[in-house]
Every structure is written in structure tokens, then in C-alpha cells.
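Asker: Predicted model and sequence below, questions to follow.
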Amino acid sequence: MIANITKGRKAVGALIYDFGPGRRDEHINPRIVAGNVTGTPLQVARAIDHTARRRPGIAAPIWRTSLSLPDEDGILPDAQWADIATAFIADMGFDGAPWVAVRHGDDHIHLTVSRVDWAGQLLTDRWDYRRAREAADRLEEEHDLVRARDRFRAEGPQVRNNELEASKRRRGPEPDRPPEREELRRLVREVRDASRGLGRAAFESGLADAGVHFRANEASTGRMNGYSFTLDGLVDGAGEQIWHTASKVAKDLRWAQLKDVIGDDPTAGLDAAATAERVDRATEMLRRGRIERGAGQPGDHPALSTDPAARILAQWQAKAAGQEVPAEALPTQEPVPAWTDKRRRPHGALATDSIPAEIKAARRQISTWQAEMETARSNARTWDGMATGAVTGPRVRELHQLAAKVEAARPHIEAEVTAHKDRQAADTAADAARKIWREANRLKGLGWLDLRREGTSRKAEEKRAATASEAIHAYVEQASKATSRAAAASRAAQKASGLPWAEGEDRRLRAEWPQLLADAQRGDQDEGQARRDTELARVEDLARRIEGAETRIARLGQEGELRRTMPAGQRQAEARARSAAARSTPSTARRRKAGPARPQGEQPAHLRRRPPSPGGPGKTR
């Protein structure tokens, strides 16, 4: 039983929720099953709020909890829920305050309590979570309910998603095989039970027979600290064996608990015949355990179908104590489970005529998922080729297409490069001529004495300046023509390649081709790997859906076969009960159209009369 506690300011909102449709129309037939306040739901809520308002300084005077049960406890009658609610309120110390218990489902009730009692005293909520847990434990014992502590007690560290995925990669597509750590837990416990009282040697021999590798963790002083276990194939990505300590497999396999079960060498207390008999029984238990797991060996008898560990252990204890071995009980015929037992008949509420249609719809869905899974597998193979480099990806193809475009414009690119070189040479020659022209202009302006010192004359410098001027004009003309040729070649290259700057792309490809190609290949492989993993994940998801649908088909078939073979009277009684349950549960569309259900006996809002004023008749507030 789980108690979920909340606190609030007003009980009206809580009762409106309890008697409303719920968040997803899950409230069915809401009703008050216990409490010490009478009246309609709103009258009860106002009475609780009226008492709570006597202490206005309390921020959250309304104490609420829901008491819920697991499916294993079945559906309790209202009278039993009333006893549970009354005892729970008394254990919490709230029985002197107004409270009410509402039930609107099969597996839980809601308790609404005022923390202000009838006398106006505030009831403490200190340690209420702990007190509620203790009260729930007592009620579980009293009403023979499933203990919450046992349901949620972890027998060992749980298998997480990353470990589960690693197990799937190691074992391949075997949906029925559990993760290795869970298989270790089952095998080691089986060997432990079979070697009870036989000592470490028998325990370790049984582990070897079951295919479990082990290491004894002993200190340097010789003190035994426990075991570590592994299985064949339980390796990490580097191929190293993965060892799990006993505490990581299951808490009851730690050495502190294990040594008390397997005991010491039994030869000191029993004779050789008794020891041999116990060893034979242990061997038989292991053999039957292998058959139960579906891992039988050639020497195992095929008729053995169950694990008789508890029965054989009881026989050992009786024989060791000198008692007569009790006779085995005859198997009893198991009755047909009720159609309301969802664990054993999950489709028991389904009409008999609807079972074939449900099976047909599930098979159609399986066909659709199988087609989608085949498409996903095909896509995964395609992307796997790109991830491994066997198939050329789009980035590499685009790079080669760019190189082909540049190659198509190669003559024009070379002409453009040549024209650029010609223009650069003409510009260099024109700069040299300009230098000569400036020097000649400077010298021809000097006097005859200075010209004589320079070893020249005015006439020679004038001639030299004129020659340089003509050369400048010629070189400028050559540069202009080279620029025109380069522009024309650039336009031709752009037209031939479709690239805005073919010559620049050519330089980039020549200088960086190895790096560009490696980057393109890496990008294609990364994309292929990501797409492949996505498709493989979809394949796994579809496989799980198909497996669930096949399980549903099998259970529907079992339900149909069970109804066909059960006695006619029971079959007719179940049909009548299903019809009555279907009639008492309105459809979702009708509930939405009608709105929230009004509690029985309560009048509509426009017909309700206002309560009399405090001053009596004729007085106004």
C-alpha cells in the first residue's frame, strides 16, 4: 500500500476533483465510502473548510492522501476500504477532526482531512510521511495485502540502459535472453541452493558445471571476502573480460550471507554415505535446473520440467535431522482465473465476439510494421555502405563534380593566367620607363656645369626622356590589352564551368585537394554512420512492437481457447458480468458531452437555496 500525501488550503477543490471526470476521464462512479461528515460532497467539503477556517493563520490546513494498492491485491469491496480508511485516520491521530474518504476507481481511495479538530485545536503533521508509512505497514499485515517494502526492495543493482544495450550488441537479436548480470544472478542462486551445506568446494564445482566463471577474492591474510563472477562472451569493447562482484549480482550473494548457506565441509558431521547422497541430490538439482532453463545436456531426462529446489532441500533437512521424509503433495487442479484478474487474463474484459477482430487488427498492424522494418533494413544497408566507404557519398561526389567543372574551363583558365602575367610584365616595364623618364627630366633642367659633372648634356637627356615617354605609352597599351584578354578569358571560363571564379577554385583545388578530399570522405562517413544507427534503432523499435503485438495475439488466442473450453455455466456468467460492467461504464464521448458528474442527491446550481443569514429570517448579510 502506498500513501501519497499532499497539503492544501481548501477541501472544496479536492472534492470537486474527486467527484469530477479526472484528468483523463478515469474517474468511474465516485462515491463516499467512509468519514465522519454527512451530506452531499459539496456540503462535506464546506464543513471541512469551515472547521479549518477556525485557525486562519495556518497556510495549508487541509491534509490529503491517496492510499493505492498494486494489481496483486485485486479489487477490494467498499466496506474493506472503509475499515482501512478509518484505521489509517486513527493511526495518524486525525480521528478527532472532520474527514472523508472518496473512491472513484478500483485500486485507490482519497482521504481529505482538516488539521483543525472539532474543538478548534491544530493537529500536528510532524513526521507525517513516516507515520503514514508505519500505518500502511500495519494495515498490510492486518488485511493480508502485498507489502510495499517487499515490492520495491531491490535485490541488487539494477541493469541500466547502457548495460542492456551492450548486452544486446554482444548477444545479437535474441529477445528471450536476459542481460548477462541477470542470468548470473539466476545461475549463482541455483548453484547456491543446490550446494546448501556442502561447502565451498561443492559450490565452486556447481558454478563450473553451470558455465559460470568465478574468482575467490581473498585477502593477503587468507581471509575470504567473497566472489566475482562472469560468463563466456561477457567482454567489453576492447575484448577484456567483465567481472561482477557478488554484491553487484545480488545482495544475498555477498560472502556474509553466502557462507551461512553453503556452510563448511560436511564430512565432519555426516558419514560418507550421507555426504554422497547429498551430493547426488545437488547434482540432480543442477540437472533439473538446466532443463528448466532450456539448457539440458545429453544425460538429462527430458521428462523433468520444473525446478524442485525447495522440495529437495526440505527432504535434506528432514533426513539430516533423522526425521521421516514427508510425502510429496499431489498436484491440485488449478481453477480457471477470473476475468477480472488482469495479470492472468489481461483480455478477460473483452467481449468474446471482439477477440477475432482484435487478432485480425493486430496481424494487420504486424504486417505494416514488418514492411516498415524491411524498408528500414534496406536503408540501413545503404547508409552502412557510405559509413564504411564502400559507397561514394554526396560530399565526395560534389567535390569531384567541382574538379570536373574546373577541368572543363582549363584552357580559358590558362589563358587568363597568361594574360595576368603579361599585364604584370608590362606594368613592371612601364614602371622602369617612368623611372628613366623622371631621371632624364631632372638632369635636363640642370646648368651646363652640372651636366658636365654628370657626364651628359641637355640634348642627350631630352632625347632620353622622349624615348622613355614613348616606351611608357607602349607598355601601358600592352597592359591594357592584357587586362582585356584576362577579362575575356575569365568570362569564357565562367561560361564553360558555371563557376563565378573558376581560376580561384582551380588554385584552391590544386593547393588543398588532399585535405578537401579527406574532409569530404569523413563527412560522408559520419553522416552514413548516423543515418545507419537511426535506421537500426527504428528496426529494433519495430521489432519490439512486433514482439508485443505477437504476445498480444498469443494472449488473445489463449483467452479465446480458455472461453471455449471452460464450463458453459461459467462462460455464461462471465458474459453477463462483462455486459453489466460495460453498461455501468459510460463511454468517453457521453461523459464529455454530459460534463462532470453531479454527486447523487445534489441539486443544480440554479435550484439551490442560499443558506439562512446569521441574523435570522429577513436579515441580510
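Answerer: Done, it's in.
Asker: Surely residue 146 is in contact with residue 74?
Answerer: No. The criterion here is Cβ atoms under 8 Å, and residue 146 misses it with residue 74 at 10.0 Å. C-beta: built from backbone N, CA, C; applies to glycine.
Asker: Mind listing the shared neighbours of these two?
Answerer: Common contact partners of residue 146 and residue 74 (Cβ atoms under 8 Å, 6 or more residues apart in numbering): none.
Asker: so residue 112, which of the three states?
Answerer: strand (DSSP: H, G, I helix; E, B strand; the rest coil).
Asker: Ignore what I typed, I meant residue 28.
Answerer: Assigned with three-state DSSP, residue 28 falls in the coil class.
Asker: Could you do residue 464 as well?
Answerer: Assigned state for residue 464: helix (three-state reduction, three-state DSSP).
Asker: From the structure, what's the count of residues near it?
Answerer: The tally of other residues near residue 464 (other Cβ atoms under 10 Å) stands at 18.
Asker: And the residue nearest the centre of the protein?
Answerer: residue 161 (7.1 Å; Cα atoms, centre = their mean).
Asker: pull the longest helix from the protein.
Answerer: The longest helix of the chain (DSSP state H) is helix 502-565.
Asker: just for the stretch 501-621 of the chain, where's the confidence low?
Answerer: Along the stretch 501-621 of the chain, the parts satisfying pLDDT under 70 run over 584-621.
Asker: Ok, the chain next?
Answerer: Using pLDDT under 70, the flagged stretches of the chain are 24-25, 150-158, 172-177, 265-335, 584-621.
Asker: domain ranges for it?
Answerer: When the chain is parsed with automatic domain parsing, its domains come out as 2-151, 177-318, 410-497.
Asker: Take these and write them to TSV, including distance to residue 508.
Answerer: Converted to TSV, the domains of the chain look like this (distance: least, Cβ to Cβ, whole Å):
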stretch	distance to residue 508
domain 2-151	61
domain 177-318	40
domain 410-497	12
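Asker: Nearest to residue 337 among the ones you listed would be which one?
Answerer: For the domains of the chain, the distance to residue 337 is smallest for domain 2-151, at 11.1 Å, taking Cβ to Cβ.
Asker: for that closest one, the distance to its chain's centre please.
Answerer: How far domain 2-151 lies from its chain's middle: 34 Å, per Cα atoms, centre = their mean, to the nearest Å.
Asker: change the start of the numbering to 9 and stick with it
Answerer: That works, and once the first residue is 9, the last one we named lands at domain 10-159.
Asker: Any idea how many residues pack against the closest residue to residue 428 other than its chain neighbours?
Answerer: Residue nearest to residue 428 in three dimensions, not counting chain neighbours: residue 494, with 5.3 Å by Cβ to Cβ, 6 or more residues apart in numbering. Residues near residue 494, counting by other Cβ under 10 Å, number 20.
Asker: The helix or strand where residue 494 lies to helix 510-573, inter-axis angle?
Answerer: Per DSSP states H and E: residue 494 is located in helix 466-505. Helix 466-505 and helix 510-573 meet at an angle of 20 degrees, taking axes from the mean of the first three to the mean of the last three Cα atoms, to 10 degrees as the criterion.
Asker: What residues sit buried inside helix 466-505?
Answerer: 469, 472-473, 476-477, 479-480, 483-484, 486-487, 490-491, 493-494, 497-498, 500-502, 504-505 (16 or more other Cβ atoms under 10 Å).
Asker: Please report the distance of the residue nearest to residue 428 from residue 487.
Answerer: The gap separating residue 494 from residue 487 is 10 Å, by Cβ to Cβ, to the nearest Å.
Asker: residues shared between the contacts of those two?
Answerer: Common neighbours of residue 494 and residue 487, counting by Cβ under 8 Å, 6+ apart, are residue 431.
Asker: what about residue 188, how many neighbours?
Answerer: Residues lying near residue 188 (other Cβ under 10 Å) number 22.
Asker: Excluding chain neighbours, what is closest to it?
Answerer: Nearest residue to residue 188, sequence neighbours excluded (Cβ to Cβ, 6+ apart): residue 242, at 4.7 Å.
Asker: Regarding the one you found, what are the backbone dihedral angles?
Answerer: phi -90, psi 80 (degrees, to the nearest 10).
Asker: my guess is it meets residue 250, correct?
Answerer: Yes. Contact status for residue 242 versus residue 250: in contact at 4.9 Å, counting by Cβ under 8 Å.
Asker: For these two, indicate the residue with more neighbours.
Answerer: Counted by other Cβ under 10 Å, residue 242 and residue 250 do not tie: residue 242 has more neighbours, with 21 against 16.
Asker: on that earlier part again, now do the same contact list for the residue nearest to residue 188.
Answerer: Listed by Cβ under 8 Å, 6+ apart, the contact partners of residue 242 are 178, 188, 249-250.
Asker: Turn those residues into TSV, columns for distance to residue 99 and secondary structure.
Answerer: Shown next, in TSV, are those (distance: Cβ to Cβ, whole Å; DSSP: H, G, I helix; E, B strand; the rest coil):
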residue	distance to residue 99	secondary structure
178	51	helix
188	45	helix
249	53	strand
250	48	coil
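Asker: now, which of those residues sits nearest residue 374?
Answerer: Set against residue 374, the nearest of these by Cβ to Cβ is residue 178 (27.8 Å).
Asker: Next, count neighbours for the closest one.
Answerer: Neighbour count of residue 178, defined by other Cβ under 10 Å: 15.
Asker: Could you check how far it is from residue 483?
Answerer: Residue 178 is 79 Å from residue 483, by Cβ to Cβ.
Asker: what's near enough to touch the closest residue to residue 583 other than its chain neighbours?
Answerer: Nearest residue to residue 583, sequence neighbours excluded (Cβ to Cβ, 6+ apart): residue 360, at 6.8 Å. Shown in contact with residue 360 (Cβ under 8 Å, 6+ apart): 568, 571, 583.
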